[in-house]
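# attaching a predicted model along with its sequence, questions to come.
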Amino acid sequence: MILDVGCGYIPRGDINTELFLKDVGHRMHDSNLKKVRVNNLINCDAQYLPFKDNCFDKVICSHVIEHVKNPFLLLKELIRVSSDMINIECPHRLSDTMLKLIRKQQYGHINYFTKKWFLNYGRKYNCYVVVKVIFRGLILLCFPHEIHVFMKKIKVQKRAIKTVCERGKVCLALETEKC
């Protein structure tokens, strides 16, 4: 089952979530989600998802993390509700800078990201992380435009093993093993 967090007017999940049902000026196209038919839409904050742990095979979060107050909390929530894969898309930090200079546009972004940020925090939360940076522009004036992040949770198995305690007694302990 797929969860799309912050689906906007183009839902891609079996379950879709969105905080703002009416356009508040951060979308590139004017849209009112109450008028657009979005199946299985749940109105909720992406930083506090109302789902059980590990209940979705895949979680998609496209162009949301740059708008939230606490991106660390959002990342933890995405990992918490996913049993396997997390896909995140957001503008690159330099892309936001270029858009401000060239077009004098801003889309309500309060966070700015680089490839390194996702690699560091994905590993911190026990995930394999692949980050792809998409470039835009002419050959000589090319700059990082967007970041696509693919995370896969590392499943940890626990098994009981016999160990020798400090006092020389044989004890049972839990050993974790990544698979």
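The structure has been received and is ready for your questions.
# walking through the protein, point out its strands one by one.
Counting by DSSP state E, the chain has strands at residues 2-5, 15-18, 41-43, 56-62, 82-91, 127-136, 143-153, 156-164, 170-178.
# how many neighbours does Asn39 have?
By other C-beta atoms under 10 Å, the residues close to Asn39 number 10. To be clear about C-beta, it is placed using only N, CA and C from the backbone, and glycine gets the same treatment.
# check Lys69 too.
Lys69: 10 surrounding residues under other C-beta under 10 Å.
# still on that earlier bit, kindly reformat the strands of the chain as a markdown table containing mean neighbour count and mean pLDDT.
Output for these, formatted as a markdown table (neighbours: other C-beta atoms under 10 Å; pLDDT from 0 to 100):
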| stretch | mean neighbour count | mean pLDDT |
| --- | --- | --- |
| strand 2-5 | 24 | 95 |
| strand 15-18 | 22 | 91 |
| strand 41-43 | 15 | 90 |
| strand 56-62 | 21 | 95 |
| strand 82-91 | 20 | 92 |
| strand 127-136 | 14 | 85 |
| strand 143-153 | 18 | 83 |
| strand 156-164 | 9 | 57 |
| strand 170-178 | 9 | 52 |
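# and the closest residue to Pro144 other than its chain neighbours, what are its bridge partners?
Spatial nearest neighbour of Pro144, excluding adjacent residues (C-beta to C-beta, 6 or more residues apart in numbering): His92 at 3.9 Å. Beta bridges link His92 to Phe113 when assigned by DSSP bridges.
# contact partners for His92?
For His92, the contacting residues are 113-114, 133-134, 143-147, by C-beta atoms under 8 Å, 6 or more residues apart in numbering.
# make JSON lines out of those residues and add distance to Pro11.
Listed next are these as JSON lines, based on distance: C-beta to C-beta, whole Å:
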{"residue": "Phe113", "distance to Pro11": "24"}
{"residue": "Thr114", "distance to Pro11": "28"}
{"residue": "Val133", "distance to Pro11": "26"}
{"residue": "Ile134", "distance to Pro11": "22"}
{"residue": "Phe143", "distance to Pro11": "30"}
{"residue": "Pro144", "distance to Pro11": "28"}
{"residue": "His145", "distance to Pro11": "24"}
{"residue": "Glu146", "distance to Pro11": "20"}
{"residue": "Ile147", "distance to Pro11": "22"}
